[in-house]
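*Asks:* Could you look at this predicted model? Sequence included:
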Amino acid sequence: MRLKDAGLPKIVYEQTPKYMRRTKLPIVKAKVGPKVMTLIADAKVFDVLPVKTEAKVVISGIYITEIKSLRGKAVPPAPKKKSFLGQV
């Protein structure tokens, strides 16, 4: 999702460098306590983050850096991406 369309606070958009404003970011809408918040996830974390499931994550500001645990399940490893010549 684009940074402008993500619903992040206006100050985040203004402080972002101009060349990064048009790029797409992995955006996560999560319920933290009673509030629904919009967070930015690391690309590796975004691929493994479950949908509609409770998870404990490490947050740095508005950035999700890693998954600590999932409720009742083990944290799945990141999927391996295939490159043009084979697996990376």
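*Replies:* Looks like it arrived, so ask away.
*Asks:* Can you report the mean pLDDT over the residues of stretch 29-43?
*Replies:* Stretch 29-43 shows a mean pLDDT of 93.
*Asks:* Next, work out how far apart Val28 and Met1 are.
*Replies:* Taking CB to CB, to the nearest Å as the measure, Val28 falls 10 Å from Met1. For glycine as for every other residue, the C-beta is placed from the backbone atoms N, C-alpha and C.
*Asks:* Would you mind telling me which of the two has more residues around it?
*Replies:* Each of Val28 and Met1 has its neighbours counted (other CB atoms under 10 Å); Val28 has more, 19 against 15.
*Asks:* Would you mind giving both backbone torsions of the more buried one?
*Replies:* Dihedral pair for Val28: phi -120, psi 130, per degrees, to the nearest 10.
*Asks:* what residues are up against it?
*Replies:* By CB atoms under 8 Å, 6 or more residues apart in numbering, the contact set of Val28 is 38-41, 46, 49, 64.
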